[in-house]
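1. Coordinates for the following, if possible.
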Amino acid sequence: MHEPDQSALLAIARQFQFAGEVTAAAPLGAGNVNDTYLVQTTLAQTGAVARNKFVMQRINQQVFKRPELIMLNLRTFSEHVQQRLDQERGDSTRRWEVPSVTPTHAGEDFFVDDAGEFWRVIDFVDASHTFAAIQSRAHAREAGYALGRFHSLLSDLDPARLHDTLEGFHITPQYLANYDTVRQKSQADVDHADVAHGLRFVEARREWAAVLEEAVAADKLTRRAIHGDPKVDNIMLDNTTKQAVSIVDLDTVKPGLVHYDIGDCLRSCCNRLGEETQQIDAVTFDTALCKVILEGYLSEARHFFSPADYAYVYDCVRLIAFELGLRFFSDYLAGNVYFKVKDEQHNLRRALVQFKLCESIEAQEAEIQSIIRAVS
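-> Numbering: from 1, shown residues only. Just a heads-up that it's a prediction; the model follows:
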């Protein structure tokens, strides 16, 4: 996909119904999948709030084959959560934002340009910020709270009302099957030390990769509505209070296991060096942060968490780190066709970070299990 110039971005933005006049559009963030832009308008009233900033995204249709289903999910999600928040009004003094959809002038939730590219606009969570890595224990607790808040607000939403916008997402056995196919076709140098390490790492952990799906099959875990990608840089903090106010990047809201989200949140937040670090040998899983995050999470989620849910927390932490490493490694072997990369070795480095994190989690299993017992 080519990068639109300023005039093209402005023309696309003007397809949407803003209360004010569009004045600027510029790249926002550094997502691995979609292209994201900040649209600014003249200040005008949008509902009960005066807004002049919005998020416009070009959805990657190589990843999301039916982007219209993303928008249906977003409508279902935002309307359900807003209804819950309206019911709670007066019971909570904490701010929580639900990005809503801005329709086009034709009344649609999305715009398709002449090249067939799929565009949408949602609210910008104003007066807030995010970080690429956890900054403090207070930040960690807010990350846990944010995910617990998100799950709690969706705990009474029938997951059957959501479309599966990314079939196979977080189904580790399917990623393994894809890895096996890619490995057979790959032209990568298997004698390269880092590649050889990756191959050995995956083989050594193949047997337990289905642990969560086996729990579902045995009716021990139940699929619910999930976020799908609650990493640390998707958690928005209020500029003044420093409290979590939203989780953004909602394309992967779908039916799944809350354990996928818990594992992904802990994987992301408890690696202080971040997934893009060059200091691979220094990567560790911070158990002190793990405890604080779980405390924050359960402050909101305890009411729906079952004994079986607690029993699989360690497994999800370990598995999701392995799974993301497997996905990065598979993409490297395939020639970097899925994730955006800066160079040919980028996905290999990313994979090695996650594999090192997984090793650190495994080495601290007894301590992590003790933390889970303490917070349960």
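2. for the helix or strand where S246 lies, what is the average pLDDT?
-> Here S246, judged by DSSP states H and E, is contained in strand 244-247. Per-residue pLDDT values across strand 244-247 average out to 96.
3. contacting residues around the residue nearest in space to the middle of the chain?
-> Among the residues of the chain, the one closest to the centroid is D229, at 1.4 Å (Cα atoms, centre = their mean). For D229, the set of contacting residues under the criterion of Cβ atoms under 8 Å, 6 or more residues apart in numbering consists of 249, 251-252, 264. Glycine gets a C-beta too; all of them are placed from N, C-alpha and C.
4. which ones are touching P67?
-> 59, 61, 110, 118, 120.
5. Can you give the domain ranges for the protein?
-> With automatic domain parsing serving as the domain definition, the record reports that the chain contains domains spanning 6-124, 137-375.
6. Does D126 touch F54 like I think?
-> No - here D126 does not reach F54: they are 10.0 Å apart, not a contact under Cβ atoms under 8 Å.
7. ok so, going back, can you list the strands that the strand holding S246 pairs with?
-> Strand 244-247 has the following sheet partners, assigned by DSSP bridges: strand 235-238 (antiparallel).
8. same question for the partner strand, mean pLDDT?
-> Strand 235-238 comes out with an average pLDDT of 96.
9. now swap in stretch 132-144 and tell me
-> 95.
10. what's the burial count for R120?
-> Counted by other Cβ atoms under 10 Å, the residues lying close to R120 total 25.
11. So D126 and F54 - more neighbours on which side?
-> More crowded of D126 and F54, by other Cβ under 10 Å: F54, with 23 against 14.
12. Got the phi and psi for that one?
-> The phi and psi values for F54, taken as degrees, to the nearest 10, are phi -140, psi 160.
13. For it, give me its contacts.
-> With Cβ under 8 Å, 6+ apart as the criterion, the residues that contact F54 are 16, 18, 38-41, 102, 121-124.
14. And V283, by the same measure?
-> 271, 273, 277, 353, 356-357, 360.
15. want to try JSON lines for those residues, with distance to W208 as columns?
-> Putting the contacts of V283 into JSON lines (distance: Cβ to Cβ, whole Å) gives the following:
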{"residue": "N271", "distance to W208": "21"}
{"residue": "L273", "distance to W208": "26"}
{"residue": "T277", "distance to W208": "26"}
{"residue": "V353", "distance to W208": "21"}
{"residue": "K356", "distance to W208": "18"}
{"residue": "L357", "distance to W208": "16"}
{"residue": "S360", "distance to W208": "17"}
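16. Can you show me the CA trace of the strand holding S246 as CSV?
-> Provided in CSV are the C-alpha atoms of strand 244-247 (Å, rounded to 0.1, in the frame of the first residue of the first chain):
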residue,chain,number,x,y,z
ALA,A,244,-6.3,4.4,32.8
VAL,A,245,-9.2,5.8,30.8
SER,A,246,-9.5,3.4,27.8
ILE,A,247,-8.0,0.5,25.8
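17. in the protein, which spans are strands?
-> Under the criterion DSSP state E, the chain contains strands at 22-27, 35-46, 49-59, 101-102, 111-112, 118-123, 128-129, 224-226, 235-238, 244-247, 254-256.
18. TSV please, covering those and showing distance to Q184.
-> Below are the strands of the chain laid out as TSV (distance: least, Cβ to Cβ, whole Å):
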stretch	distance to Q184
strand 22-27	37
strand 35-46	32
strand 49-59	31
strand 101-102	42
strand 111-112	37
strand 118-123	33
strand 128-129	45
strand 224-226	32
strand 235-238	39
strand 244-247	38
strand 254-256	29
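19. Go through the ones you listed and name the closest to T181.
-> Closest to T181 of the strands of the chain, according to Cβ to Cβ: strand 254-256, at 23.4 Å.
20. Contacts only, for I262.
-> Applying Cβ under 8 Å, 6+ apart, one finds that I262 lies in contact with 147, 297, 313, 316-317.
21. how much space is there between the residue of the chain positioned farthest from its centre and F322?
-> Ranked by distance from the centre of the chain (Cα atoms, centre = their mean), the top residue is D191, with 33.5 Å. Using Cβ to Cβ, to the nearest Å, D191 is found at 23 Å from F322.
22. can you check P27 too?
-> Counting by Cβ to Cβ, the gap between P27 and F322 amounts to 32 Å.
23. which of these two has more neighbours?
-> More neighbours surround F322 than the other of P27 and F322, with 27 against 12 (other Cβ under 10 Å).
24. right, and that one touches K356 too?
-> No - with contacts defined as Cβ under 8 Å, F322 does not count as touching K356, sitting 11.2 Å away.
25. what's the overlap in contacts for these two?
-> Residues touching both F322 and K356 (Cβ under 8 Å, 6+ apart): there are none.
26. how far does stretch 303-312 stretch from start to finish?
-> Terminal residues of stretch 303-312 are spaced 17 Å apart (Cα to Cα, to the nearest Å).
27. Stretch 157-175 too?
-> For stretch 157-175, the first and last residues are 28 Å from each other (Cα to Cα).
28. can you pull the pLDDT of F339?
-> 86.
29. State the number of residues packed around it.
-> 15.
30. gap between it and Y332?
-> Distance from F339 to Y332, counting by Cβ to Cβ: 9 Å.
31. which residues do these two both contact?
-> Overlap between the neighbourhoods of F339 and Y332 consists of N347, taking contacts as Cβ under 8 Å, 6+ apart.
32. Excluding chain neighbours, give the residue nearest to T23 in space.
-> Taking Cβ to Cβ, 6 or more residues apart in numbering, and ignoring the residues beside it in sequence, T23 has Q40 as its nearest neighbour in space, at 5.3 Å.
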